[in-house]
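Dropping a prediction and its sequence here:
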Amino acid sequence: MFSMLDPEKYYLVLAGKGNMVEELKNLVRLKGISSNVCFTGMINEADLSALYSIADVFSLVRERSAVRSCPWAPAI
């Protein structure tokens, strides 16, 4: 979906680590959007507020097992 947006207006920052990082990097290369995507790796907790402050959209992804334990989360 991100590859369909105007590259002059949008930049994607993916922070953190996980078992899908290499797969996501390959997908970014295949889609030809490498110049608009940054993989930061882990961010120090002290620097998180600066990263959040420049974002227009923020998403926090957790493992499904963590989501299932939340009573307000929809069934997956």
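Now that the structure is in, tell me what you want to look at. Residues are numbered from 1 along each chain as shown.

where does this protein have low pLDDT?
For the chain, applying pLDDT under 70 flags the ranges 62-76.

bridging residues for the most centrally placed residue in it?
By Cα atoms, centre = their mean, the chain has its centre lying nearest to residue 14, at 3.7 Å. Residue 14 has these beta-bridge partners by DSSP bridges: residue 39.

didn't it look like it was pressed against residue 37?
Yes. Taking Cβ atoms under 8 Å as the definition, residue 14 is a contact partner of residue 37 at 6.8 Å. From N, CA and C alone the C-beta is placed, and that goes for glycine too.

Helices of the protein, start to end?
21-31, 48-53, 64-68 (DSSP state H).

Pull the residues that contact the second one.
Helix 48-53 is contacted from outside by 13, 15, 40, 43, 58, using Cβ atoms under 8 Å, 6 or more residues apart in numbering.

switch to 7 Å and redo it
Applying Cβ atoms under 7 Å, 6 or more residues apart in numbering, the contact partners of helix 48-53 are 15, 43, 58.

who's in contact with the first one?
Read that as residue 15. Shown in contact with residue 15 (Cβ under 7 Å, 6+ apart): 40, 43, 51.

Number of residues surrounding the last one?
Using other Cβ atoms under 10 Å as the criterion, residue 51 is surrounded by 13 other residues.

Could you give the number of residues near residue 28?
By other Cβ under 10 Å, 20 other residues sit near residue 28.

Hmm, it is touching residue 34, no?
Yes. Contact criterion Cβ atoms under 7 Å: residue 28 and residue 34 qualify, at 5.5 Å.

who touches the residue nearest to the centre of the chain in this structure?
Contacts of residue 14 by Cβ under 7 Å, 6+ apart are 24, 37, 39-40.
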